[in-house]
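Undergrad: no FASTA, just this:
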């Protein structure tokens, strides 16, 4: 009877597994279809951009690509990216070493000071420094000092470096904290000096961290629109916008494709650089570097950066609040309807982004397959492509297929925000999905709860913290987005960033004070969200 009983049990088990597969498969197919639809919506604007560029006659396209203007724009853009990357490394790596490997007093405080510039939009810093040091600026007006102008390619490099070096600082610091510093001590016992030990032992271990931060700094530099535009630097992003504004859409489309190609090359190069040594393993049992009298210059270095990147902009904008010079420009005066428009658009973008992110993140987190990974990565396209390119692509899409929506509605603008910042929601939601135990869901299913009922009553409450964190991040970054807002906002709708743009364009800097301070406050909230998301691991 045992063989028969075993056969019956095996048949029952097979039937149970088959039933589970039959019940799960429709849901899995539905998730895959929903994820594919979201990925399609994210990628389709890029196809419209390629289509627009392909309509240019081959001879004209060749003339535009090889023109001296295009060559100058390409050289400026690549130069900006390289200089910002190198300068960010020169600032970020020493700061990371100071806060992790030395006896610098109050390392936690200096870590926060060094990281905070990351949350301030670089174009806010560009306005502050232009108004402070530019021709006719605060220094010139108050003291009559003719200082070198902070503008052009050198000015853009300076400003962007100040607000992107924290990328290198944070990734390098994480690598230093994860490696065993006793390896460097072992090198010191072999008569290697501190710099020699760092070069031969520490640097190879932390190189992936430096490369990751350098990649972020370089991509930010080549994709930044506001700072080069404010500094009148002729790079891809600013030139694309000016060509678009001049209705020279053919040239703008070709420049956008060239910019995408450069970004792709940078990603390929980084993939070959940052995959070398493993910086993990071992306890942090190494000795601490004694700074001695050098601790005072070290603290002065970090505090000087904090004053330059944080105190100076806030002080300048605060002064502009209370000083009125020149004729009044009613069109540029701050009104709470501008703040309402910005909050309204950002809230819509956050809501739609989370709705789009749910199927993608849930499918990617529950199904460990090639299809799920491909669909998830497809949603990251908009985040890797500069905002001015996203705006240009959706202008083509809107004017060709949805002209009324392009002229009057806000939904095309909201869709652009979603394409741009969807990965923020996908990443946080997927992290929460991965924390959900399969047994919890199976327990709900055994109580005759359907797939949707189990998701609503069990899974959704568990992943809600990730959904909320993703919504907050999308909201905060949408509030600061400049090129997409300028290119796609409905006629007559003004926001905080559009007021900043108009005030800067007319050199009426004082009208940028209130919206800039509000954006700095909003940006500070993003740091709080990130710290909570990471468990406040700045230690």
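TA: That came through, no problem. Keep in mind that what you see is a predicted model, and the values were worked out from it rather than measured.

Undergrad: Tell me the confidence at residue 139?
TA: What the model reports for residue 139 is a pLDDT of 62.

Undergrad: er, residue 89 I mean
TA: The model's pLDDT for residue 89 equals 93.

Undergrad: who are the neighbours in contact with it?
TA: 168, 210, 213-214 (CB atoms under 8 Å, 6 or more residues apart in numbering). For every residue, glycine as well, the C-beta is placed using N, CA and C.

Undergrad: What subset of these is buried?
TA: Neighbour-count burial (16 or more other CB atoms under 10 Å) applied to the contacts of residue 89 gives 168, 210, 213-214.

Undergrad: could you redo those residues as JSON lines and give each row secondary structure, distance to residue 259 and pLDDT?
TA: Formatted as JSON lines, these follow (DSSP: H, G, I helix; E, B strand; the rest coil; distance: CB to CB, whole Å; pLDDT from 0 to 100):
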{"residue": "168", "secondary structure": "helix", "distance to residue 259": "23", "pLDDT": "88"}
{"residue": "210", "secondary structure": "helix", "distance to residue 259": "25", "pLDDT": "83"}
{"residue": "213", "secondary structure": "helix", "distance to residue 259": "22", "pLDDT": "83"}
{"residue": "214", "secondary structure": "helix", "distance to residue 259": "19", "pLDDT": "86"}
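
Undergrad: Can you pull out the low-pLDDT segments for the stretch 351-500 of the chain?
TA: 402-409, 435-458 (pLDDT under 70).

Undergrad: Distance from whichever strand or helix holds residue 258 to the middle of the chain?
TA: Element membership for residue 258 (DSSP states H and E) is helix 249-273. Relative to the chain's own centre, helix 249-273 is displaced by 17 Å; criterion: CA atoms, centre = their mean, to the nearest Å.

Undergrad: Following element in sequence after it, please.
TA: Per DSSP H and E, helix 249-273 leads on to helix 295-306 as the next helix or strand towards the C-terminus.

Undergrad: Could you list the residues in contact with that following helix?
TA: Contacts for helix 295-306 (CB under 8 Å, 6+ apart): 91, 95, 98, 102-105, 110, 113-114, 116-117, 162, 291.

Undergrad: at 6 Å instead, please
TA: Contacts of helix 295-306 with the rest of the structure, by CB atoms under 6 Å, 6 or more residues apart in numbering, involve 98, 104, 110, 113-114, 291.

Undergrad: Let me see the contact set for residue 463.
TA: Counting by CB under 6 Å, 6+ apart, residue 463 has contacts 432-433.

Undergrad: try it again with 10 Å
TA: 358, 361-362, 365, 428-436, 455, 470 (CB atoms under 10 Å, 6 or more residues apart in numbering).

Undergrad: Top of those residues by number of neighbours, please.
TA: If you count neighbours using other CB atoms under 10 Å, the busiest of the contacts of residue 463 is residue 470, which has 31 neighbours.

Undergrad: mind checking how far that one is from residue 477?
TA: Distance of residue 470 to residue 477, computed by CB to CB, to the nearest Å: 11 Å.

Undergrad: Overlap of the contact sets of these two?
TA: 350, 421, 424.

Undergrad: Between those, which sits nearest residue 392?
TA: Set against residue 392, the nearest of the shared contacts of residue 470 and residue 477 by CB to CB is residue 421 (17.3 Å).

Undergrad: Where does that closest one fall, secondary structure wise?
TA: Short version, using DSSP H and E: residue 421 is in helix 411-434.

Undergrad: buried residues in that helix?
TA: Going by 16+ other CB under 10 Å, helix 411-434 has these buried residues: 412-433.

Undergrad: Residue 263 contacts residue 222, doesn't it?
TA: Yes. Under the criterion of CB atoms under 10 Å, residue 263 makes contact with residue 222 at 6.7 Å.

Undergrad: what do these two both touch?
TA: With CB under 10 Å, 6+ apart, residue 263 and residue 222 have common neighbours 81, 236, 386.

Undergrad: do you know how far the last one is from residue 433?
TA: For residue 386, the distance to residue 433 (CB to CB) stands at 29 Å.

Undergrad: Near residue 242, how many other residues are there?
TA: If you count neighbours by other CB under 10 Å, residue 242 ends up with 13.

Undergrad: Figure out the helix or strand that it lives in.
TA: helix 236-245.

Undergrad: Determine the set of other helices and strands touching that helix.
TA: Packing partners of helix 236-245 (3 or more CB pairs under 10 Å, 6 or more residues apart in numbering; DSSP states H and E): helix 68-101, helix 203-223, helix 226-230, helix 249-273, helix 387-401, helix 483-488.

Undergrad: Between helix 249-273 and it, find me the angle.
TA: Orientation check (axes from the mean of the first three to the mean of the last three CA atoms, to 10 degrees): helix 236-245 against helix 249-273 gives 160 degrees.
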